Structures are given as structure tokens and as C-alpha cells.
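Enquirer: below is the sequence, then the predicted model.
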Amino acid sequence: MSLSLLGISGSLTKGGSTRAVIDAVLLAAKTRTPDISTDVLDLRDVTLSFCDGRPLHEYPDDTPTAVARIHAADAYIIGTPIYRGSYTGSLKNLLDHVPVEAMMGKVAGLIVNGATDHHYLSIDQELRPLLMWFNLHLVPGSVHVRGNQMQGTTIVDEQVQEHVRLLGEAVVDLGQRLTGSLQGPPPLSLWGRRRA
């Protein structure tokens, strides 16, 4: 069974580096394991409603489709810039729409980027606790990228390049190990049909 790996880019910034780093991690994962499938849910490319508690099918925009893409994936690379010491409001709004069972037992790797190292602990203090609520398996060794470690959309820092490679490989390795295990995603029969 081939693993489906979804990148989720929580940035709305045009020309931002979050998507570039996610793409680099997905490439590293696919280089190591060519039979996986990869895709990116880029929040710049979709229109999401503010979560107000309605059933998903009542939202008139891309919200139901975005959540369905998350539900269908086996593993994730989740990236966000850091604003005011935390992940973006756009990423939080997306996750507010996602039911727990859509991500439960799956694997994710985390990326944050920013101008300096000032907020590098935001991964562990802000993003990791939010995602643990979904009962995700979060691989250790998340990636923090400073602006001066990139030139345009290219990562130029060798240590970051290595961290990116290791993150992509770790997510795929753990995702494959957990598929079909008691610690992995529960069978769909436990939750009924996938929500859309």
C-alpha cells in the first residue's frame, strides 16, 4: 500500500518560503520512497470560511474539499510561518474545521519559518500541543528555517537541507510502520463514512 503524504502550508503570504520548505521535504520523502504520493494543500490557493460550528457540507466554498483532502491523506508535513510567537490564524482556522478522526493515529512532521531564531520554540510550545489533540504521531526533529538560510525559494544552509531530508524520510518511515497497526489510524468502520 502506497503512503499518501500531504503538505499543509499555513501561510497566506505571496512568495513566502513556507511552501518552498514543504516542497523540499516532500521531495526528500519521495526521493527516499518513490512509490509514495505527495500533494500540497496551500492555504493561498483555497477559500476557507471562518469556522462557526456548522456541518462541513453547509460551507459554500473550498472548506469541505480541504477537510476531505486532509482526511484522505495518510501522513502530513505541516508548515507555518511564526507570527506573534505562534502559528498563523489561517492554519488554526483550517484545523478548527477538521474532525479528530480525520488525523487520528496518522503521522506528521512540522516546519516553521521566520526571520530569526527568536521564536524557534514555537514548534514545541504552540504547534505541537495543538496537533497532539488530534492524537497524531509527531516525529521528533522538526525543522526551523530562518530567512537568511534561504535565497528566494532555495534552502542554502547545509544543516537545514539535512534536517529537511531527515524529516521527510522520518515521516514516511513512521507512517509506513504504523499503517495497519493498533497505533495507526483506526479503521474507517469505526467512524463510518469519511466526512466531506
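Expert: Perfect, thanks for sending it. Numbers count the residues shown, from 1 in each chain.
Enquirer: can you give me every residue that contacts residue 32?
Expert: Listed by CB atoms under 8 Å, 6 or more residues apart in numbering, the contact partners of residue 32 are 168, 169, 172. (Each C-beta comes from the backbone N, C-alpha and C, glycine too.)
Enquirer: what values do phi and psi take at it?
Expert: phi -70, psi -40 (degrees, to the nearest 10).
Enquirer: most neighbours, which of the contacts of residue 32?
Expert: The residue in those with the most neighbours, by other CB atoms under 10 Å, is residue 168 (28 neighbours).
Enquirer: confirm that one sits in a helix?
Expert: Yes: assessed with DSSP: H, G, I helix; E, B strand; the rest coil, residue 168 lies in a helix.
Enquirer: that one reaches residue 26, doesn't it?
Expert: Yes: here residue 168 lies in contact with residue 26, judged by CB atoms under 8 Å, at a distance of 6.6 Å.
Enquirer: circling back: nearest to residue 110, of the contacts of residue 32?
Expert: The nearest member of the contacts of residue 32 to residue 110, counting by CB to CB, is residue 168 at 12.2 Å.
Enquirer: any idea how far residue 77 is from that closest one?
Expert: Residue 168 sits 7 Å away from residue 77, going by CB to CB, to the nearest Å.
Enquirer: shared neighbours of these two, anything?
Expert: 25, 26, 29, 109.
Enquirer: check which helix or strand covers the second one.
Expert: Assigned by DSSP states H and E, residue 26 belongs to helix 18-32.
Enquirer: do you know the pLDDT at residue 144?
Expert: If you check residue 144, the pLDDT there is 83.
Enquirer: same check on residue 127?
Expert: On the pLDDT scale, residue 127 gets 87.
Enquirer: before we move on, what about residue 173?
Expert: 95.
Enquirer: which stretches of this protein have low pLDDT?
Expert: Applying pLDDT under 70 to the chain flags the ranges 1, 116-121, 187-196.
Enquirer: centroid residue for it?
Expert: Nearest residue to the geometric centre of the chain (CA atoms, centre = their mean): residue 78, 2.0 Å.
Enquirer: list the contacts of it.
Expert: Counting by CB under 8 Å, 6+ apart, residue 78 makes contact with 7, 8, 10, 91, 108, 109, 110, 111, 127, 131.
Enquirer: over to the third one: give its phi and psi.
Expert: Recorded main-chain torsions at residue 10 are phi -90, psi 20, according to degrees, to the nearest 10.
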